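Undergrad: Need coordinates for the following:
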Amino acid sequence: MLALTLLACGEERDACKCRPLYDGAVQPDGIVTREQDGGAESEAVCSIDAQVTLRAFGEKVVDCGNLPRLADPTARAAADRCVLDAQSTQRPFKLIVWMQGIDSHVAYAYISPGAGGKVARLEYDGFAPTGAGSVGMQTCSSLRAVAGCQASATTVCLECVDESAFSAACKEPAR
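TA: Predicted structure coming up:
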């Protein structure tokens, strides 16, 4: 069983401003549980951080970042290069990129086990007004840079090659 602590970080995503949100464990079947009132209650945690943690590939994963909503273009371009470099050398990697949604928190994540494995692309949409959120996932044979794309605070310059259809990874009910 893997211990898991999730943090609520606000829009800044600054670790110094985070507060504990969840303490629990990832079970062998991938379900995240939390302790509540002295007993374990099974509950899927539907955040991009939790879903990436569930699918991350050990200590050797290349962490290409957890970029905040308005990260500068240089940081976004460096993160894209990190992913493409890790992929070209067949090393496992992960990257989370937060984006501006109209009325929600939006994030994209890219993770891969490295040699011979497919890339998972996750999309998180946290509906701010209701507190509900969902994560969808698709797999790709690989990622490539989007031709002519200029990194900015509102763009992701990576695209899937040979992607599968999206499927639901998790969904939270409204609170």
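Undergrad: what residue ranges in the protein score low on pLDDT?
TA: Counting by pLDDT under 70, the ranges of the chain that qualify are 1-44, 57-59, 128-131, 174-175.
Undergrad: Strands of the protein, residue ranges please.
TA: 2-8, 19-26, 32-36, 39-42, 62-67, 93-100, 104-112, 119-127, 132-140, 142-145, 158-161, 167-171 (DSSP state E).
Undergrad: Could you list the domains of this structure?
TA: 1-45, 46-171 (automatic domain parsing).
Undergrad: which residues touch stretch 112-127?
TA: 47-48, 51-52, 55, 57, 86-87, 90-94, 101, 103-111, 132-143, 160, 163, 166, 169, 174 (Cβ atoms under 8 Å, 6 or more residues apart in numbering). Heads up, the C-betas are built off the backbone N, CA and C, glycines and all.
Undergrad: Need the buried ones from the residues you listed selected in PyMOL.
TA: In PyMOL, a selection of the buried entries from these looks like this (16 or more other Cβ atoms under 10 Å):
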select buried, resi 47+48+51+52+55+57+86+87+91+92+93+94+104+105+106+107+108+109+110+111+132+133+135+136+137+138+139+140+143+160+169
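Undergrad: What residues sit buried inside the longest helix seen in the chain?
TA: Ordering each helix of the chain by length in residues (DSSP state H) puts helix 73-88 first. Using 16+ other Cβ under 10 Å as the test for burial, helix 73-88 gives 76, 77, 79, 80, 82, 83, 84, 86, 87.
Undergrad: Leaving aside the residues adjacent along the chain, what's closest to the fourth one?
TA: In this case it means residue 80. Nearest residue to residue 80 in three dimensions, chain neighbours excluded: residue 157, at 5.2 Å (Cβ to Cβ, 6 or more residues apart in numbering).
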